[in-house]
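> Take a look and give me a structure for this.
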Amino acid sequence: QLQPVESGGGLVQAGGSLRLSCAASGRTFAQYAMGWFRQDQGKEREFVAGISVNGLMPYYGDSVKGRFTISRDNNKNTVYLQMNSLEPEDTAVYYCAARMGFVRTTVEQYDYWGQGTQVTVSA
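Okay, here's the model as predicted:
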């Protein structure tokens, strides 16, 4: 079992950067693919980025390609999301999620979720 805990959210101006962290308790972190999702008010939760168990294969949603970078440190049980060139449309609660095996892009395919961290981008 894994318990993700997100941190690093906040308020930033458009064009700025933030780095989110997700620390996950549990001794089997390296067996889990990790994903970042986001959800804005009144919208469905959407896939932002995912990373394979060994950290060598990142995946990104179309809206963040070229701006966001996902990475992980299995020694620290932590996954990161570096967000650059932020836009007001990136405003949302960002969630970290974990699943055994390969990266998937749908909410239903992840087993463990954090509580989320708010990211607000002002124009």
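> count of residues packed around Tyr95?
23 (other C-beta atoms under 10 Å). In this view, the C-beta of every residue, glycine as well, is placed from N, C-alpha and C.
> list the contacts for it?
Shown in contact with Tyr95 (C-beta atoms under 8 Å, 6 or more residues apart in numbering): 6, 36-39, 45, 113-116.
> So for the protein, the centremost residue is which one?
Central residue of the chain (C-alpha atoms, centre = their mean): Trp36, 2.3 Å from the mean position.
> who's in contact with the stretch of helix or strand that residue belongs to?
Taking DSSP states H and E as the criterion, Trp36 maps to strand 32-39. Contacts with strand 32-39, where a contact means C-beta under 8 Å, 6+ apart, come from 2, 4, 20, 22, 24, 45-53, 70, 72, 79, 81, 90, 92-105, 107, 110, 112, 116, 119.
> okay, whichever helix or strand comes after it in CSV with CA atoms only?
On the C-terminal side of strand 32-39, the closest following helix or strand by DSSP H and E is strand 46-51. Below are the C-alpha coordinates for strand 46-51, written out as CSV (Å, rounded to 0.1, in the frame of the first residue of the first chain):
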residue,chain,number,x,y,z
GLU,A,46,-7.5,15.1,-16.2
PHE,A,47,-4.2,13.4,-16.8
VAL,A,48,-1.2,15.7,-16.6
ALA,A,49,1.9,13.5,-16.6
GLY,A,50,3.0,10.0,-15.6
ILE,A,51,6.3,8.3,-15.2
